[in-house]
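prediction below, plus the sequence it came from.
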Amino acid sequence: VKIYRVLKQRQIHLISAGGDEENLPGAMNDAFSSLKAVLHQLEVDQISERVYDTHVVKAKAGIILQKPVFGILHREDVGHYIDDLQAMQVRLIFDWLAEGRTPLWVCNELNSRGIRTMEGCDWRKHNLRRLVRNPIYAGELIWNRTQTVIINDKKRQVARPESEWIRAISPLGPLVDQGVFDAAGRQMTLRWRERGGG
């Protein structure tokens with residue numbers, strides 16, 4: 001209001017880019033609204049940076065930041081922990097694949113035994129692929145592999161360069177041997193490509 005009064009007393013007029021005189025109070029309201037939006041976005045960005053910096057410190061210290069996965073659950077009082085029954089089933093999955101079983105066979109076997117995914121659904125190849133590709137089962141934590149970007153006004157996850165990944169040893173240790181983990185991953189990749197999975 002004070003700025004408006006000063007401008008009015010000094011007979012200062014606002015001219016739009018088109019050369020038309022603008023309504024002073026309305027123009028000032030628009031300007032301050034834009035400024036508030038910019039400041040709000042700046043605050044959001046600063047908070048995001050602080051959260052990111054905190055996560056970097058935790059990731060380097062070997063603190064598990066990812067969501068619970070099959071075999072590795074989470075409770076508020078204890079944090080991440082190994083579920084013994086699911087861990088045994090995880091080892092079965094990796095052993096089957098390492099022995100040369102197809103992803104479809106593994107899914108059918110799990111479903112026939114009444115074993116369900118974390119969401120309580122039947123196993124499908126995409127669930128199995130996500131599990132087999134997760135390095136936490138081999139005892140390694142990898143954080144910062146993706147970032148959120150806005151493309152055409154939509155948020156999308158895109159891969160970061162490997163040089164920006166943060167690696168640490170899982171405090172829970174490996175659920176499967178590294179050799180079995182690698183062999184299962186090769187089998188999964190081979191079968192996925194054979195079936196046109198990309």
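Noted; the coordinates are in hand.

got the buried residues for the longest helix along the chain?
Determined from DSSP state H, the single longest helix within the chain is helix 24-60. For helix 24-60, the neighbour count (16 or more other Cβ atoms under 10 Å) marks Ala27, Met28, Ala59 as buried. C-beta coordinates here come from the backbone N, C-alpha and C atoms, glycine included.

I figured the second one hits Ile3, correct?
So the one you mean is Met28. Yes: at 7.0 Å, Met28 counts as touching Ile3 under the criterion of Cβ atoms under 8 Å.

now tell me what touches stretch 73-86 from outside.
Ile64, Lys67, Pro68, Phe70, Gly71, Ile72, Leu172, Leu175 (Cβ atoms under 8 Å, 6 or more residues apart in numbering).

buried residues in that stretch?
Neighbour-count burial for stretch 73-86 [16+ other Cβ under 10 Å]: His80, Gln86.

and it, end to end?
9 Å (Cα to Cα, to the nearest Å).

what's the answer for stretch 172-180, then?
Stretch 172-180: ends 18 Å apart by Cα to Cα.

can you check stretch 116-130 too?
15 Å.

circling back to that earlier point, any idea of the mean pLDDT in the longest helix of the chain?
Mean pLDDT, helix 24-60: 82.

quick one: mean pLDDT for the following helix or strand past it?
Downstream of helix 24-60, the next assigned helix or strand under DSSP states H and E is strand 72-75. Mean pLDDT, strand 72-75: 95.

which parts of stretch 58-73 are buried?
Here stretch 58-73 shows Ala59, Ile63, Ile64, Val69, Phe70, Gly71, Ile72 as buried, counting by 16+ other Cβ under 10 Å.

with stretch 112-126 instead?
Ile115, Thr117, Trp123, Lys125.

what segments of the protein are helices?
Taking DSSP H as the criterion, the chain carries its helices at 2-9, 24-60, 84-98, 103-112, 125-132, 178-194.

okay, the contacts of stretch 73-86 in JSON lines with distance to Lys154 next?
Formatted as JSON lines, these follow (distance: Cβ to Cβ, whole Å):
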{"residue": "Ile64", "distance to Lys154": "29"}
{"residue": "Lys67", "distance to Lys154": "22"}
{"residue": "Pro68", "distance to Lys154": "27"}
{"residue": "Phe70", "distance to Lys154": "30"}
{"residue": "Gly71", "distance to Lys154": "33"}
{"residue": "Ile72", "distance to Lys154": "31"}
{"residue": "Leu172", "distance to Lys154": "36"}
{"residue": "Leu175", "distance to Lys154": "36"}
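
and those, which is closest to Asn108?
Phe70 (17.2 Å; Cβ to Cβ).

nearest residue to that closest one other than its sequence neighbours?
Met118 (5.2 Å; Cβ to Cβ, 6 or more residues apart in numbering).

list the contacts of the one you found.
Pro68, Val69, Phe70 are the contacts of Met118 under Cβ under 8 Å, 6+ apart.

what distance do you get for Thr117 to Pro174?
With the distance defined as Cβ to Cβ, to the nearest Å, Thr117 ends up 21 Å from Pro174.
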